[in-house]
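> Need a 3D model of the sequence below.
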Amino acid sequence: MNMRNQWPVLPVVAGLASGLLTGCGTGSSDPGGTGSSIVMGMSDDVLATDPASGYDPGSWLLFNNVFQSLLSFPDGGTEPEPEAAKSCVFTDASTKVYRCTLKDGLKFSNGDPLTSEDVKFSFDRMLKINDAAGPAIMFPMLDKVEAPDAKTVVFRLKVPDATFPSKIASGAGSIVDHTQYDAKGLRKDGKAVGSGPYTLDSFGDDQAVFSVNDHYKGNAKVKNSGVTLKFFHGNPSALKKALLDNKIDIAYRGLSAGDIADIQNADNNSEAEVVEGSSAEVQHLVFNMKDPVAGKLGVRKAIAYLLDRDALIKDVYQGTATPLYSIIPAGIAGHNTAFFDTYGASPSPAKAAAALRNEGITGKVKLTLWSTPSRYGPATDQELKAIAKQLNASGLFAADVKSVAFDQYEKDIAKGKYGVYVKGWVPDYPDADNFTAPFFGRGNVLSNHYSNSTITGTLIPRTAAESDRAATDNDFGRLQDIVADQLPVLPVWQAKQYAVTRQNVYGLEYCLDASTVFRFWELSKG
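Numbers count the residues shown, from 1 in each chain. So this is what the prediction gives:
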């Protein structure tokens, strides 16, 4: 999904063949909520209120709180559990037929009953609309959805996919009311009708207001009476000021590394505190394989030999990220260190020069690094300038940086105008599949003209079909080694996840984990 210490190894997805069953102790929220309302700010925008369109962190934050999915990720967990479903199970050994039974008494926020018809409608609609900015790209394996009765949903897959439960547990699995949404077009009135813990009361340019959904029936226990989400449109200074001026209770996504460091290092700061959580957010340099410069392997290898990740983390991100040496981040099962093993951790101008010579290049390589100013974090432009400086310091490159607003940036990438550009990724679900198939599978999101038949024809299908996720490590290792050798992308950093809060706000530790689900319902104020 278009988007920082040591991470604990996350548990792999299990229980797929035997099914997923609701446990004891789940239930609905207290009507109306029991605590104070919370005001939260973030610099990300929410690009969509319709789950058939949004595929960005801000939109999924809204989806995860307003809509239900059949399954959901529990606090701190990476194995999906039933949410709107009472149970879900693969009914065949090939992991191609997935059957879910709905809970009794499910309702949308408007009081309409939620049945299997709505689930089928939601998936059929998303795939039919197939919005370029939407999550339909996650479901190439989905053949059809059946609703044989009001409480049963059957997903029939074209190919085996053991990660399918995790995919439908994400924001992409949001269930909409079939009477409130057009089957063929996106909803554009800024409204949303879901069955999640919250109702979207209003949505505007500068804020969204959420109240507790009294009709909700699921696992969440709501600890507040509502949330107001304020948008700071890529302005981290305004976000920090709003927190310190007591205009918001929480600052999430978008504070600069300097702002976080300032708050962490304050000696007697009684106003705000930094809460750190685990994260699998990553950032890569992407190479256009058809570009006359970046398309040359020797150029890409020279950049890989010269990139000083440690300096970037220290000078640009002030310790709020960690160096990344593979396409699968640390903490996700299947991670290896292919780029460290191949190119090392310290810059090597000699090896970079040799790579260029082997390509027949003797003069300085003229290169533009393309950036976009806020979509992938407030320090992206600064980071790209620092990388250009590293390249130029070697005497091998004459690199500069150009920054373009995100809408134009995406259009230009699709047209193949850039040779080297930056992409961030916030995972849809915490599995190695989500760091490989979207980047290197058919119809990938990078638009860099890279294809490898071993990856697309063997490794991705075989890892997707394996229900024992630990058994995929060798294949994912081979995939990472191929990418390190051919260099269609160059991993740069892995994020740490931060929020900054007033000291009377609680529950953030349940909102910052590798599932990327920010759980409004866990927040409370003393």
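> Straight-line length of stretch 47-66, end to end?
15 Å (Cα to Cα, to the nearest Å).
> Report the distance from it to the chain centre.
Centroid separation for stretch 47-66 versus its chain: 11 Å, with Cα atoms, centre = their mean, to the nearest Å.
> Give the buried residues for it.
Burial within stretch 47-66, assessed by neighbour count using 16 or more other Cβ atoms under 10 Å, is assigned to 47-66. Where you see a C-beta, it was placed from the backbone N, CA and C, and this is true even at glycine.
> Stretch 457-475 too?
Buried, per 16+ other Cβ under 10 Å, within stretch 457-475: L459, I460, P461, T463, A464, A465, E466, S467, R469, T472, D473, D475.
> With stretch 74-84 instead?
Judged by neighbour count (16+ other Cβ under 10 Å), stretch 74-84 contains these buried residues: P74, G77, T78, E79, P80, E81, P82, E83, A84.
> I'd guessed the third one sits against R469; true?
No: using Cβ atoms under 8 Å, T78 is not in contact with R469, being 9.9 Å away.
> before we move on, the earlier item: just the ones of the buried residues of stretch 74-84 in strands?
E81, P82 (DSSP state E).
> and the buried residues of stretch 74-84, which two are the farthest apart?
Farthest-apart pair in the buried residues of stretch 74-84 is T78 and A84; separation 19.5 Å (Cβ to Cβ).
> Low-confidence stretches in the chain?
The chain contains residues with pLDDT under 70 at 1-34, 266-270.
> Please identify the residue most distant from the middle of it.
Most distant from the centre of the chain: T362, at 40.5 Å, with distances by Cα atoms, centre = their mean.
> Would you mind listing the residues in contact with it?
L356 (Cβ atoms under 8 Å, 6 or more residues apart in numbering).
> Is it in a helix, a strand, or coil?
Assigned state for T362: coil (three-state reduction, DSSP: H, G, I helix; E, B strand; the rest coil).
> Same question for R462.
Judged by three-state DSSP, the three-state class of R462 is helix.
> That one contacts D475, doesn't it?
Yes: R462 is within contact range of D475, at 5.7 Å (criterion: Cβ under 8 Å).
> and the residue farthest from the centre of the chain, how far is that from N219?
Separation of T362 from N219 (Cβ to Cβ, to the nearest Å) stands at 63 Å.
> Please apply the same query to W370.
The value you get for W370 to N219, if Cβ to Cβ is used, is 43 Å.
> and what of R442?
35 Å.
> quick one: which of the two has more around it?
The neighbour count for R442 versus N219, taken as other Cβ atoms under 10 Å, is higher for N219 (22 against 10).
> in terms of contact, does that one touch L71 like I think?
No: N219 is beyond contact range of L71, at 10.2 Å (criterion: Cβ under 8 Å).
> show me what contacts the spatially closest residue to D56 that is not a sequence neighbour?
Distances taken as Cβ to Cβ, 6 or more residues apart in numbering place L47 nearest to D56, at 5.0 Å, with adjacent residues excluded. Neighbouring residues of L47 by Cβ under 8 Å, 6+ apart: S53, G54, D56, G58, S59, A133.
> now with 6 Å?
G54, D56, S59 (Cβ atoms under 6 Å, 6 or more residues apart in numbering).
> For it, which three-state class applies?
Judged by three-state DSSP, the three-state class of L47 is coil.
> Would you mind stating the distance between it and E410?
Distance of L47 to E410, given as Cβ to Cβ: 12 Å.
> what about K402, neighbour count?
Applying other Cβ under 10 Å, we find 12 residues neighbouring K402.
> Phi and psi next, for the residue nearest to the spatial centre of the chain.
Nearest residue to the geometric centre of the chain (Cα atoms, centre = their mean): V426, 2.2 Å. When read as degrees, to the nearest 10, the backbone of V426 gives phi -110, psi 120.
> ok, residues contacting stretch 188-197?
Here stretch 188-197 has contacts from 29, 49, 65-68, 108-110, 114, 177, 180, 200, 203, 213, 216, 220, 222, 521, using Cβ under 6 Å, 6+ apart.
> If we use 8 Å, what do you get?
With Cβ under 8 Å, 6+ apart as the test, stretch 188-197 has contacts from 29, 49-50, 62-68, 84, 106-110, 112, 114, 174-177, 180-181, 200, 203-204, 212-213, 215-218, 220, 222, 520-521.
> buried stuff in that stretch?
In stretch 188-197, counting by 16+ other Cβ under 10 Å, buried: A192, V193, G194, S195, G196, P197.
> Return the distance of that stretch from the chain's centre.
21 Å.
> for the residue lying closest to K144 once chain neighbours are set aside, which residues make a bridge with it?
Nearest non-adjacent residue to K144, counting by Cβ to Cβ, 6+ apart: R156, 5.2 Å away. Legend: beta-bridge partners of R156 under DSSP bridges are V97, K144.
> R156 and V176, how far apart?
21 Å.
> Who has more neighbours out of these two?
Per other Cβ under 10 Å, whichever of R156 and V176 has more neighbours is V176, with 24 against 14.
> give me every residue that touches the more buried one.
Contacts for V176 (Cβ under 8 Å, 6+ apart) come out as D50, P51, A52, F67, D118, F121, S122, R125, V193, G194.
> looking at it, I313 is touching A321, isn't it?
Yes: contact status for I313 versus A321: in contact at 5.4 Å, counting by Cβ under 8 Å.
> if you count what's nearby, which of those two comes out ahead?
Set I313 next to A321 and count neighbours by other Cβ under 10 Å: A321 wins out with 25 against 22.
> if we can go back for a sec, intersection of neighbour lists for I313 and A321?
By Cβ under 8 Å, 6+ apart, I313 and A321 have these common neighbours: W493.
> Now for D341, how many residues are close by?
13.
> Could I get the contacting residues of it?
By Cβ under 8 Å, 6+ apart, D341 lies in contact with Y325, A484.
> Am I right that it is in a helix?
Yes: the assignment for D341 is a helix, going by three-state DSSP.
> Quick check, V119 in contact with S69.
No: counting by Cβ under 8 Å, V119 does not reach S69; the two are 9.4 Å apart.
> Cool, thanks, talk later.
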